[in-house]
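1. kindly generate the corresponding structure for this input.
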Amino acid sequence: MNHSPIQSGRPQQHGFTLIELLIVMGILSGFLLMLVQLVDSGLQTFRDGETSQMLADRSSHAQRVITEELTQLRGSTTTRDSQRVEDRLVVQLLPVGLPILPERDATRSQVLRGSVRLLPDRELRIIDSALVGQILTDDPAMPPEQVLVELEQRRLNEPLRGVGNVMLMVARQEGPDDALIELRAGWFLPGQKFPAGPNRMVDPFEEIIPGSEDLPGSLLREITEPILQNLLHIEFSFWSQSTTSWGNRAGVLSSVLSRSRDSANLQAPQGIWDSARGGWLVDEISGGAFAFDVGPFSEHDTSDDIHPHAIMVRCAVAQPADATPEGLLSGYLANDSQSLELYDGTSFPGAHDGGFIKIDGEWLQYAGLSGDRLIGLRRGQRATKAISHDAGSLVHVGRTVEFVVPILHAKDDWNG
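-> Coordinates of the predicted model:
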């Protein structure tokens, strides 16, 4: 007779098999990975949005500051004094930094000098600065408290005329990134002079070439101040009496370097200017050849002048330094290379069908993005010098804003 085995009263225990554990761990890992990707994507979107907002703010600020300055330009409301051109507008294309002896094919930028309306607060500050300079020139040892007393006395004899001169110039911004530039401005009283050497005073509005020995760039840096920083580019295009369109996106600086006065396209906007047409801008050394220049005698002809009808500004602002780089060079780039490779082309924010980038002090135009490569490079754009770049160099895109400032006092070429 068979007997069944004795059954235990304890319940039978079951555990997870190895396969079950692996499946659960795989599901959890996938879930955690998706969670991390979701959080990372959200953070990246937040950072991108924050950077985009910062670029928008910088662009808006730049537009406001430049517009405020250009709308103060004062044209020829009366005939000019043949011995002094109070209302002259001169825009030259000169080496950045205004060195006395610039290097070959140096990067260039526009230097604008013009007559402006001065608001009372600004004119008072200029008057005080000029008077203090005169006081200390007369008596360098005068105590500060006595300088203030003398200033109050001399200020009573200085009327507010509401007119003056402005200089706008581009300079490299101090810091490790050579791509960054700043826009500097200086405001002067008509005829105001500054010390340019032993026993020599100079009016920055009368000398022909800023950066020459007569008007050194170091002096101009001292008497100007930055009004915009963290820029990548700025240029002015001037609508003349013959202009029919603002041209293409390459900008006026590239075109003004590639044409002479005789072959200038008068229907295009102008990149240099001399409202007196007085023979100043006749060659590269003086800042270019003005298409409407009729010779030195024009400077003394009170009816012979021309002012732009409008100014288009193209300004590129840089993203914050602490933001994720827009691009990084993965290898050395020679000064004649026609393509470059990025570390990660998938995150490159520039247009994939072509655009502009800036590396160190050089602007490059590219035809398109192919994977991690920018192809069809055109070197030394926007009046910059083609140079070589090391691996790891920042590739800037920034944000470019274009806007037009009407010039209400425009006057055509009376003798043209």
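2. for Leu55, give me its contacts.
-> Counting by CB atoms under 8 Å, 6 or more residues apart in numbering, Leu55 touches 317, 319, 398-399. For glycine as for every other residue, the C-beta is placed from the backbone atoms N, C-alpha and C.
3. just the buried residues from these, in PyMOL please.
-> To isolate the buried members of these in PyMOL, using 16 or more other CB atoms under 10 Å:
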select buried, resi 317+319+398+399
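4. can I get the contacts of Leu55 in a markdown table with pLDDT, secondary structure and distance to Thr302?
-> Below are the contacts of Leu55 laid out as a markdown table (pLDDT from 0 to 100; DSSP: H, G, I helix; E, B strand; the rest coil; distance: CB to CB, whole Å):
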| residue | pLDDT | secondary structure | distance to Thr302 |
| --- | --- | --- | --- |
| Val317 | 95 | strand | 42 |
| Gln319 | 92 | coil | 49 |
| Gly398 | 92 | coil | 44 |
| Arg399 | 93 | strand | 44 |
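5. low-scoring stretches of this structure, by residue?
-> For the chain, the stretches with pLDDT under 70 are 1-16, 38-49, 76-86, 249-250, 255-264, 410, 413-416.
6. what's the closest of the contacts of Leu55 to Thr384?
-> Checking the contacts of Leu55 against Thr384 with CB to CB, the nearest one is Gly398 at 14.4 Å.
7. buried set for the longest strand belonging to the chain?
-> Longest strand in the chain by number of residues (criterion: DSSP state E): strand 225-239. Buried residues in strand 225-239, defined by neighbour count with 16+ other CB under 10 Å: 227-239.
8. centre of the chain to it, how far?
-> In this view, strand 225-239 has its centroid 3 Å away from the chain centroid, taken as CA atoms, centre = their mean, to the nearest Å.
9. tell me what that strand is packed against?
-> helix 18-70, strand 108-117, strand 181-188, helix 252-257, strand 310-317 (3 or more CB pairs under 8 Å, 6 or more residues apart in numbering; DSSP states H and E).
10. so what's Ala106 up against?
-> 95-96, 99, 385.
11. same list (those) but as JSON lines, adding neighbour count and secondary structure.
-> Supplementary listing: the contacts of Ala106 in JSON lines, determined by neighbours: other CB atoms under 10 Å; DSSP: H, G, I helix; E, B strand; the rest coil:
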{"residue": "Pro95", "neighbour count": "21", "secondary structure": "strand"}
{"residue": "Val96", "neighbour count": "22", "secondary structure": "coil"}
{"residue": "Pro99", "neighbour count": "14", "secondary structure": "coil"}
{"residue": "Lys385", "neighbour count": "19", "secondary structure": "coil"}
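12. which two from those residues end up farthest apart in space?
-> Pro99 and Lys385 (13.2 Å).
13. so which residues of the stretch 201-350 of the chain form strands?
-> Counting by DSSP state E, counting those that start in this stretch, one finds strands in the stretch 201-350 of the chain at the ranges 225-239, 273-274, 282-283, 288-289, 310-317, 340-341.
14. in JSON lines: those strands, plus distance to His352.
-> Shown next, in JSON lines, are the strands of the stretch 201-350 of the chain (distance: least, CB to CB, whole Å):
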{"stretch": "strand 225-239", "distance to His352": "20"}
{"stretch": "strand 273-274", "distance to His352": "37"}
{"stretch": "strand 282-283", "distance to His352": "41"}
{"stretch": "strand 288-289", "distance to His352": "35"}
{"stretch": "strand 310-317", "distance to His352": "19"}
{"stretch": "strand 340-341", "distance to His352": "15"}
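15. returning to what we had before: ok, so of the buried residues of strand 225-239, who is nearest Trp246?
-> Closest approach to Trp246 among the buried residues of strand 225-239 (CB to CB): Ser237, at 6.3 Å.
16. wait, that closest one touches Trp273, no?
-> No: if you go by CB atoms under 8 Å, Ser237 and Trp273 don't touch, sitting 10.3 Å apart.
17. which residues are in contact with each of these two?
-> With CB under 8 Å, 6+ apart, Ser237 and Trp273 have no common neighbours.
18. for the closest residue to Val202 other than its chain neighbours, which three-state class applies?
-> Take Val202 and drop its neighbours on the chain: the residue closest to it by CB to CB, 6 or more residues apart in numbering is Ala196, 4.2 Å away. Under DSSP: H, G, I helix; E, B strand; the rest coil, Ala196 falls in the strand class.
19. pretty sure Ala196 contacts Leu219?
-> Yes: Ala196 lies in contact with Leu219 (CB under 8 Å); the separation is 5.5 Å.
20. shared neighbours, these two?
-> The contact lists of Ala196 and Leu219 share Val202, where a contact means CB under 8 Å, 6+ apart.
21. what sits against the residue lying closest to Pro102 once chain neighbours are set aside?
-> Nearest residue to Pro102, sequence neighbours excluded (CB to CB, 6+ apart): Pro95, at 3.8 Å. Applying CB under 8 Å, 6+ apart, we find Pro95 in contact with 102-103, 106-108, 211.
22. and what of Pro320?
-> With the criterion set at CB under 8 Å, 6+ apart, Pro320 makes contact with 51, 54.
23. 6 Å - rerun?
-> Met54 (CB atoms under 6 Å, 6 or more residues apart in numbering).
24. for Gln72, same thing?
-> Per CB under 6 Å, 6+ apart, neighbours of Gln72: 116-117.
25. Asp128 versus Arg184, what's the distance?
-> For Arg184, the distance to Asp128 (CB to CB, to the nearest Å) stands at 21 Å.
26. those two: which is more packed in?
-> Using other CB atoms under 10 Å, the more surrounded residue of Arg184 and Asp128 is Arg184, with 19 against 14.
27. run through the bridge partners of the more buried one.
-> Beta-bridge pairing of Arg184 under DSSP bridges involves Met169, Pro226.
28. now do the phi/psi pair for Gln146.
-> Per-residue torsions, Gln146: phi -70, psi -30 (degrees, to the nearest 10).
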